[in-house]
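Q: Predicted structure and sequence below. I'll ask about it afterward.
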Amino acid sequence: MSFQQILSEVFGYAQFRGPQQAIIEHVGAGGDALVLMPTGGGKSLCYQIPAIARQQAGHGVTIVISPLIALMHDQVGALHEAGVSAAFLNSTLSGEEAYQVEQRLMRGEITLLYAAPERITTPRFLAQLDSLFERGQLSLFAIDEAHCVSQWGHDFRPEYRALTVLHERFAGVPRMALTATADDLTRADILERLQLEDARAFVSSFDRPNIRYSIVEKRDSTQQLLRFIEREHEGEAGIVYCQSRRKVEDIAQTLVDAGIKALPYHAGFDAKVRQTHQDRFLREEGIVMVATIAFGMGIDKPDVRFVAHLDMPKNIEGYYQETGRAGRDGLPAEAWMGYGLQDVVNQRRMIDESPAGEEFKQVMRGKLDALLGLAEATDCRRVRLLSYFGETYGSLPSAAGPPQSGHGPLGGQGGHEVPTVGAKCGNCDNCLHPPAVWDGTDAARKLLSTIYRIQQMSGISFGAGHLMDIVRGKTTEKVTQHAHERLSTFGIGANFTELQLRGVLRQLIAMGAVAVDAQAFNTLQLTEQSRAVLKGEVGVRLRESVSGPADKKVRRSARLGAVVKAPINLDSEGLMRYSALKAWRAQVAKEHNLPAYVIFHDATLAAIAQRAPQSLDDLQGISGIGTKKLEAYAQEVLRVVALD
Ligand code: ADP
Ligand code: ZN
């Protein structure tokens, strides 16, 4: 079969996406390749199709190396559903099961074999590969999650280093390395460590156009999250990231109390609980996983409709990686982040207090600043994100340059009244609802001189809340106690709302013009940089807070009988067919012990519901239905669609 035939007959897709075709042709013809593609870009087909074609041409088995043992069962299950012979070898198999797989491997019955890196380099497995190699039955090595070879990546696995054995021992067998990690350092490391210097590199755009990015100022972040989920993602699967284990558990409980199907996940739970929660997330519909960043690596659930950050991550790399887990199916998805003063303070403190060397800390601060810049930005978020990864969005040159360490959050706006008119993606909060910008320089100077005067008068520093009270002229108990109403700056900022002052203070901290002393109750101090702001040499500009104070409590909605949402517009009959199909799919998935999306994606079910097929012919050409699935499921699908 040609590559195109395999795509349509086995996988049921009409067209290759982006660079898939070029990659598949190159690897299919025996070339080495490095594939850099964002999460959800479609990396799997890049080795699966060459594997099938080369097997058919008599070249034997493709070995897929992946560190994600927990996912191999489902990956192999998905291939079985498509009628492809696949298997995995990892520590979850019993001795007998592993032996059966080895037997099939040696008999040449397997097209794709998934194995963990530590398995590949065992003498026993190498001997088996030797034997296949001598018979010309070793077709291709696909090294997935290849950034694991690099200590610069976020998930270094020493076992990956040993994979150089592949090209030394099996010279001439094509190898491809695949990753969604973009940065140059990691990329260079992959090439060097895996000795793929001569491989052809396929670098695709890292844009994820179906993900809508929004970053909001935190008020009552739990209520904001609840509103976000209830209003826009009712009954849908999502991930909520929190910084601490404790918060993960609290938020999960809050969501459950509000009637949302939420589960907690963090490294403090034992392996069994983690596995159960992950399985439920993958297999059940509409689960919201509340997790630390310990969750998510390699999760290829395609219908995650939102990723929410309740705490700001450390850097843009982390943020992009995590948000990238939304919408792998290409349907609309949302990345939502709340951030506030406390996030800035916490992240700064974590860097300051870390035992790392000063040089490393400087790099970390630069990365944090870039993320703050993104959060405070008034122009297109996507343009900024891509430019951070060295990519220019669309045809226009990117407005913001790559981030420099030590650069404040105002970088890129250049101090103009209106942000530079650059490219617009039309699918981020700033493009959809351009925020007003206001000049916070005056407020900033009032805050700074008050910090100065408090220090002069009392000889000690105070925290943000007290500072704000003084500037706004509130006679609190603490104010009276310290006689701070006698400060000349008492009440000079009464015309600002607390929210505005908080925003200004956040920027001052982000800029380094105010220091937070973590050792002394987060009290505020002036720094070297304060002077420039006080003297009016540096301006402070910030986005107008879009909405007023947080709404009152969210109503507790009765979730049973929640409306069915389909990925495309369906009339009421269509919706009935769609929910009937979903119920049927859940049943099949359960019987096969696989996640529902492995049977059919939502988009495929919706397309079926819309077409209302009455015969086999009517089912032809719907994306996601290959020959095998047509054979296996067409009759039942027709029966379900007839709603009898
Ligand atoms: P990655 O590994 O790059 O994150 P996957 O290989 O899991 O991405 O693919 C993401 C989703 O896109 C999968 O559900 C896959 O079935 C789908 N997909 C991949 N290629 C195509 C294509 N050419 N046409 C339609 N869907 C595709
Ligand atoms: Zn935009």
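A: Sure, I can see it. Everything quoted here is computed from the prediction, not taken from an experiment. Ligands and ions are numbered 1, 2, ... in the order given.
Q: now the helices for the stretch 201-350 of the chain?
A: If DSSP state H, counting those that start in this stretch is used as the criterion, the helices of the stretch 201-350 of the chain fall at 221-232, 245-257, 271-283, 316-323, 341-353.
Q: Same question for the stretch 1-150 of the chain.
A: Assigned by DSSP H, counting those that start in this stretch, the helices in the stretch 1-150 of the chain fall at 3-5, 20-28, 43-56, 69-81, 95-106, 117-120, 123-134.
Q: Quick check: which of the ones you listed is buried the most?
A: helix 43-56 (a mean of 24; mean count of other C-beta atoms under 10 Å). Where you see a C-beta, it was placed from the backbone N, CA and C, and this is true even at glycine.
Q: close to ligand 1, is that one?
A: Yes. Using C-beta under 6 Å from any ligand atom, we find that helix 43-56 touches ligand 1 at 43-45.
Q: any chance of those in TSV, plus distance to Arg543 and pLDDT?
A: Listed next are the residues of helix 43-56 next to ligand 1 as TSV, based on distance: C-beta to C-beta, whole Å; pLDDT from 0 to 100:
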residue	distance to Arg543	pLDDT
Lys43	36	93
Ser44	40	95
Leu45	41	97
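Q: Wait, Met576 touches Leu643, no?
A: Yes. Applying C-beta atoms under 8 Å as the test, Met576 and Leu643 come out as touching, 6.5 Å apart.
Q: Looking at these two, which is more packed in?
A: Neighbour comparison, Met576 and Leu643: the larger count goes to Met576, with 15 against 10 (by other C-beta atoms under 10 Å).
Q: Could you pull up the residues touching that one?
A: With contacts defined as C-beta atoms under 8 Å, 6 or more residues apart in numbering, Met576 is in contact with Leu643.
Q: Am I right that Thr164 is in a strand?
A: No. The assignment for Thr164, made by DSSP: H, G, I helix; E, B strand; the rest coil, is helix rather than a strand.
Q: what's the burial count for it?
A: Neighbourhood size, Thr164 [other C-beta under 10 Å]: 14.
Q: Quickly note the distance from the spatially closest residue to it that is not a sequence neighbour to Asp32.
A: Leaving aside its chain neighbours, Thr164 sits nearest to Gln195 (5.9 Å; criterion: C-beta to C-beta, 6 or more residues apart in numbering). The spacing between Gln195 and Asp32, counted by C-beta to C-beta, to the nearest Å, is 10 Å.
Q: Just want to know which of those two has more residues nearby.
A: Neighbour totals were compared for Gln195 and Asp32, and Asp32 leads with 21 against 15 (other C-beta under 10 Å).
Q: The more buried one contacts Glu197, doesn't it?
A: No. Contact criterion C-beta under 8 Å: Asp32 and Glu197 do not qualify, at 9.5 Å.
Q: how close does the residue nearest to Thr164 get to ligand 1?
A: Counting by C-beta to the nearest ligand atom, to the nearest Å, the separation of Gln195 from ligand 1 is 24 Å.
Q: Tell me the backbone dihedrals of that residue, please.
A: Main-chain torsions, Gln195, degrees, to the nearest 10: phi 50, psi 60.
Q: if I look at it, how far off is Arg161?
A: Taking C-beta to C-beta, one finds Gln195 at 11 Å from Arg161.
Q: do Arg227 as well
A: Arg227 is 47 Å from Arg161, where distance means C-beta to C-beta.
Q: cool, Glu102 as well?
A: 25 Å.
Q: what does Arg453 give?
A: Separation of Arg453 from Arg161 (C-beta to C-beta) stands at 58 Å.
Q: swap in Asn315?
A: The gap separating Asn315 from Arg161 is 25 Å, by C-beta to C-beta.
Q: who has more neighbours, those two?
A: Just comparing Asn315 and Arg161: by other C-beta under 10 Å the higher neighbour count belongs to Asn315, 21 against 17.
Q: May I see the helices of the stretch 201-350 of the chain organised as TSV, with mean neighbour count and distance to Gly426 added?
A: Output for the helices of the stretch 201-350 of the chain, formatted as TSV (neighbours: other C-beta atoms under 10 Å; distance: least, C-beta to C-beta, whole Å):
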stretch	mean neighbour count	distance to Gly426
helix 221-232	18	18
helix 245-257	17	31
helix 271-283	16	31
helix 316-323	22	18
helix 341-353	18	28
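Q: Now render these as CSV, adding distance to ligand 1 and mean pLDDT.
A: Output for the helices of the stretch 201-350 of the chain, formatted as CSV (distance: least, C-beta to the nearest ligand atom, whole Å; pLDDT from 0 to 100):
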stretch, distance to ligand 1, mean pLDDT
helix 221-232, 23, 95
helix 245-257, 25, 97
helix 271-283, 13, 93
helix 316-323, 11, 90
helix 341-353, 28, 86
